[in-house]
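Enquirer: Model the following, please.
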Amino acid sequence: HVQLVESGGGLVQAGGSLRLSCVASERTLRSYVMGWFRRAPGKEREFVASIRWGRGDVDYADSVKGRFTVSGDSAKNTVYLEMNSLKPEDTAVYSCVARVGSFTDISRSYSWFDYRGQGTQVTVSS
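Expert: Below is the predicted model:
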């Protein structure tokens with residue numbers, strides 16, 4: 001069973017930056033896809049970004065493309081989400097997710113991922 005723990009959330013002004021971290025409890029990032037979802041108050045949870053560790057495949061929602069960067073460090077079992085040029089509409093609880101195993105296509109569906117963290121709050125003030 002994989003546990004995911006996020007950190008790095010906080011309050012930032014519009015235009016600022018934050019880096020979120022997600023530490024996985026197991027040392028097999030090579031067989032993982034890890035990603036980030038977010039949920040704003042009163043809105044549906046939405047896909048943000050994902051990375052297939054070992055192949056370097058990354059995927060981003062259009063709303064964050066060019067501003068957010070997802071990356072990983074296998075030595076630290078950690079995936080990062082670097083968020084730049086933050087906007088008030090980026091305010092949400094950001095959750096880390098992971099899926100283990102062999103697969104061909106990566107889904108943007110929250111239910112496709114096997115493991116989920118508790119989330120970290122990101123608040124962007126205008």
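
Enquirer: any idea where the strands of the protein begin and end?
Expert: 4-7, 10-13, 18-24, 32-39, 46-52, 57-60, 68-73, 78-83, 92-100, 115-116, 120-125 (DSSP state E).

Enquirer: Okay, now the sheet partners of the third one, with direction.
Expert: Using DSSP bridges, the strands paired with strand 18-24 are strand 4-7 (antiparallel), strand 78-83 (antiparallel).

Enquirer: ranking these by burial, who's on top?
Expert: Of the strands paired with strand 18-24, the one with the most neighbours on average (mean count of other Cβ atoms under 10 Å) is strand 78-83, at a mean of 22. To be clear about C-beta, it is placed using only N, CA and C from the backbone, and glycine gets the same treatment.

Enquirer: rounded to a whole number, what's the mean pLDDT of it?
Expert: Averaging pLDDT along strand 78-83 yields 95.

Enquirer: could you give the angle of it to strand 32-39?
Expert: For strand 78-83 against strand 32-39, the angle by axes from the mean of the first three to the mean of the last three Cα atoms, to 10 degrees is 40 degrees.
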